[in-house]
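A.B. asks: I'd like to go over a predicted model; first the sequence, then the structure.
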Amino acid sequence: ESKPIRVTVTGAAGQIGWVLCFMIAQGRMFGPYQKVILQLMELPAAEQVLQGLVMELKDCAFPLVADIKPTTKIEEAFDQSDVAILVGAKPRGPGMERKDLLNENAKIFKAQGEAIDKYSKKTIKVLVVGNPANTNALIASHYAPSVPKKNFTALTRLDQNRAISQLSDKLKTPVDDIHNIIIWGNHSLTQYPDVNHGQVSVGGKKTSIREAVKDDKYLNETFIPKVAKRGAEIISVMKKSSAASAANAACDHMHDWWVGTKQGEYASMGIISDGNKYGVAAGLIYSFPCECKNGEWKVVEGLAVDEFSKKKLQETEKELLEERKMALDI
Ligand code: NDP
């Protein structure tokens, strides 16, 4: 029997947060034996909905849920947290520029970084889902100097899952047979979904994705924007944004970080760049292929990067440098 861990979810009563809470309570994030204390934060405007969420969660009588603490106070939300999933963010309003969005969110993630610094465990693992996720994670980390920078991550796993799903459709093969698809860079339109190190298992034999698909034009010109624009495609179909797949990806990300990746499998994670990997500038939260073990991530090194990929890696790096400049002026 394990000691319950304290898991903070901000924006808990929003679209993604709502689904996410049930997934965490069911063991999707920390496995079937890890108990949790859910510290659910919302803005005062959503307090009623949060109350309703808590009632529903309670009525599930989830065996893994040791306690639920709903709050609108930041110091309560981040008190002694072992994990924080930062979902709550200011959505882009009509006519809003990227700079405005960054500035609005910079305030939220500065306050949350400071709260993490002050109230949470120093070993806290942070996953930022709220957009612009990479830069929001960087801001939170910047304002939590007593917590190691490696503890702040951003979600690009949804993009990885979307890429796998596209390839599974294209190859008419189960998703489970597709391995090591990488998302590089920013969780935005400049992201680079990279199939060059990917493989598909056919009859127990692994073949490279490029060999199996036999259509470089599709892979370079159709697949990449299809993955990057999948969120917008979903909005245009159902008139609201993807929530369940985002929550699911948050579970995949934290699960792999917490429990470990399978032998030989990469997980794409937005993590702090040390300046020594794939030519990416130091100090950005950039998505790399990672392997996780004992609660620590490690960037997969030594992968060959061709000219086409190099340009893509630089393009998304450039955007992250601009975002950092706008948000933190560094
Ligand atoms: P959602 O739950 O739909 O989205 C929350 C955030 O996740 C947004 O920034 C959204 O970005 C982002 N996101 C990341 N990946 C995806 C994806 N694949 N699909 C969709 N969104 C994605 O928003 P809601 O407005 O329903 O809920 C937000 C909640 O947060 C509200 O209840 C609000 O009250 C709360 N909030 C809480 C704060 C706090 O706790 N301090 C601060 C601010 C808000 P994008 O906008 O680009 O879709």
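C.D. replies: The structure has been received and is ready for your questions. Residues are numbered from 1 along each chain as shown.
A.B. asks: Walking through the stretch 1-150 of the chain, point out its strands one by one.
C.D. replies: Along the stretch 1-150 of the chain, counting by DSSP state E, counting those that start in this stretch, strands occupy 5-10, 36-41, 65-71, 83-86, 125-128.
A.B. asks: Format the CA atom coordinates belonging to the fourth one as CSV.
C.D. replies: So that's strand 83-86. Listed next in CSV are the C-alpha coordinates belonging to strand 83-86 (Å, rounded to 0.1, in the frame of the first residue of the first chain):
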residue,chain,number,x,y,z
VAL,A,83,2.7,16.6,-9.1
ALA,A,84,1.0,19.5,-10.8
ILE,A,85,-0.9,19.5,-14.0
LEU,A,86,-1.3,23.1,-15.1
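A.B. asks: Name the SS class of the spatially closest residue to residue 190 that is not a sequence neighbour, please.
C.D. replies: Once flanking residues are discounted, residue 190 sits nearest to residue 316: 4.1 Å by CB to CB, 6 or more residues apart in numbering. Where you see a C-beta, it was placed from the backbone N, CA and C, and this is true even at glycine. With DSSP: H, G, I helix; E, B strand; the rest coil as the basis, residue 316 sits in helix.
A.B. asks: How much space separates the residue in the stretch 1-150 of the chain that the ligand sits nearest to from residue 86?
C.D. replies: Relative to the ligand, the nearest point of the stretch 1-150 of the chain is residue 14 (1.9 Å; CB to the nearest ligand atom). As judged by CB to CB, to the nearest Å, residue 14 and residue 86 stand 12 Å apart.
A.B. asks: Compare these two and say which is more crowded by neighbours.
C.D. replies: Between residue 14 and residue 86, counted using other CB atoms under 10 Å, the more crowded position is residue 86 (28 against 23).
A.B. asks: Now that one: closest residue in space, sequence neighbours ignored.
C.D. replies: Residue nearest to residue 86 in three dimensions, not counting chain neighbours: residue 128, with 4.6 Å by CB to CB, 6+ apart.
A.B. asks: how deep is residue 33 tucked in, by neighbour count?
C.D. replies: Applying other CB under 10 Å, we find 9 residues neighbouring residue 33.
A.B. asks: State the pLDDT value of the residue nearest to residue 86.
C.D. replies: At residue 128, the model reports a pLDDT of 98.
A.B. asks: again, but for the one 4 residues further on
C.D. replies: At residue 132, the model reports a pLDDT of 95.
A.B. asks: Enumerate every residue touching it.
C.D. replies: 98, 101, 102, 105, 186, 187, 188, 323 (CB atoms under 8 Å, 6 or more residues apart in numbering).
A.B. asks: Could you list the low-pLDDT ranges of the protein?
C.D. replies: 1 (pLDDT under 70).
A.B. asks: Return the residues of it in contact with the ligand.
C.D. replies: For the chain, the contact set with the ligand under CB under 6 Å from any ligand atom comprises 10-11, 13-17, 41-43, 46, 87-92, 108, 129-131, 158, 231, 241-243, 246.
A.B. asks: Tell me which stretches of the protein form helices.
C.D. replies: For the chain, the helices defined by DSSP state H cover 15-25, 47-59, 74-77, 98-119, 133-142, 157-171, 209-213, 216-217, 224-228, 230-238, 244-259, 307-328.
A.B. asks: looking at these, which is buried most?
C.D. replies: Among these, helix 133-142 has the highest mean neighbour count (mean count of other CB atoms under 10 Å), at a mean of 27.
A.B. asks: distance of the residue of the stretch 1-150 of the chain closest to the ligand from residue 53?
C.D. replies: 10 Å.
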